[in-house]
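Asker: here you go, sequence then predicted model.
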Amino acid sequence: MRNPVLAVAFVAALGYGAFNTLGHMPDSKPIAIPEAAPGALPMSPRPIKENVVAYSTADQAMQAAKKAGHETLPRFHQLIDAATPGTYTVKFPLTQNGATEHIWMQLVGFGNGKFIGLLADVPVNGNKYKMGDEMAVAEADVEDWMVRNGGDVYGGYTVRQALVDMPRDKAAQYGITFKD
């Protein structure tokens, strides 16, 4: 049964920057949020598939991570202006079929207060959009940002939180060093 207080969030600790190899989902219906694992709290994050985790909209830690991502956009602009080496991505809410997911977009430009880029993951809530589609996202709608150069990542506040929520050994496999 779908829990209305859960929203799908793309973790994308792996797969952003270089498009992942997941196939496009032909179904036009939102993905079903799985039940909480036995013994887990009802509001616990719930893995859906590789790079996709459902978080409760009431999850204070994830909400704080999104707030930090948005509030530090001036730092992102500094890194862009300095031509910091790496792949630039932003995370934003994408709604289709009445469901919202939070997805990464690889940047190709910025102008008039909008980030221009390509969807860096396969949307899970329908087939209106697909990985690689060009999108324009208003800066006001950006929830997080990253500059990734190998294992070094600037930003990525929602990814940091998602890694905290993972089992320690799995999180360590990503080999990410966060910088500010």
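Answerer: Cool, got the structure.
Asker: pLDDT below threshold where in this protein?
Answerer: In the prediction, the chain carries residues with pLDDT under 70 at positions 1-54.
Asker: hey, where'd the strands end up in it?
Answerer: Across the chain, reading from the start of the chain, the strands by DSSP state E fall at 6-10, 46-49, 52-56, 87-96, 99-111, 114-119, 134-138, 144-149, 152-155, 177-179.
Asker: out of those strands, flag the one nearest Ala162.
Answerer: Shortest distance between Ala162 and those, using CB to CB, is found for strand 52-56: 6.1 Å. (Glycine included, C-beta is placed from N, CA and C.)
Asker: could you export the strands of the chain as TSV, including mean neighbour count and distance to Asp81?
Answerer: Below are these laid out as TSV (neighbours: other CB atoms under 10 Å; distance: least, CB to CB, whole Å):
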stretch	mean neighbour count	distance to Asp81
strand 6-10	24	27
strand 46-49	16	36
strand 52-56	23	32
strand 87-96	21	12
strand 99-111	19	10
strand 114-119	19	14
strand 134-138	14	19
strand 144-149	24	12
strand 152-155	21	13
strand 177-179	12	17
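Asker: distance to Ala171 for these - can I get that in JSON lines?
Answerer: Compiled in JSON lines, those are given as follows (distance: least, CB to CB, whole Å):
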{"stretch": "strand 6-10", "distance to Ala171": "16"}
{"stretch": "strand 46-49", "distance to Ala171": "13"}
{"stretch": "strand 52-56", "distance to Ala171": "12"}
{"stretch": "strand 87-96", "distance to Ala171": "18"}
{"stretch": "strand 99-111", "distance to Ala171": "18"}
{"stretch": "strand 114-119", "distance to Ala171": "25"}
{"stretch": "strand 134-138", "distance to Ala171": "28"}
{"stretch": "strand 144-149", "distance to Ala171": "16"}
{"stretch": "strand 152-155", "distance to Ala171": "13"}
{"stretch": "strand 177-179", "distance to Ala171": "12"}
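Asker: which one of those strands lies nearest to Gly126?
Answerer: For these, the distance to Gly126 is smallest for strand 87-96, at 4.2 Å, taking CB to CB.
Asker: strand partners (parallel or antiparallel) of the closest one?
Answerer: Applying DSSP bridges, strand 87-96 is found paired with strand 99-111 (antiparallel), strand 144-149 (antiparallel).
Asker: could you dump the longest one to CSV, C-alpha only?
Answerer: Taking C-alpha atoms only, strand 99-111 is exported to CSV below (Å, rounded to 0.1, in the frame of the first residue of the first chain):
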residue,chain,number,x,y,z
ALA,A,99,3.8,11.6,-7.3
THR,A,100,7.0,13.5,-6.6
GLU,A,101,10.5,12.2,-6.6
HIS,A,102,13.7,14.0,-6.0
ILE,A,103,16.1,13.5,-8.9
TRP,A,104,19.5,14.6,-10.1
MET,A,105,20.2,16.5,-13.3
GLN,A,106,23.7,16.9,-14.8
LEU,A,107,24.3,20.5,-15.7
VAL,A,108,25.1,21.8,-19.1
GLY,A,109,24.5,25.5,-18.3
PHE,A,110,23.0,28.2,-16.2
GLY,A,111,21.1,31.4,-17.2
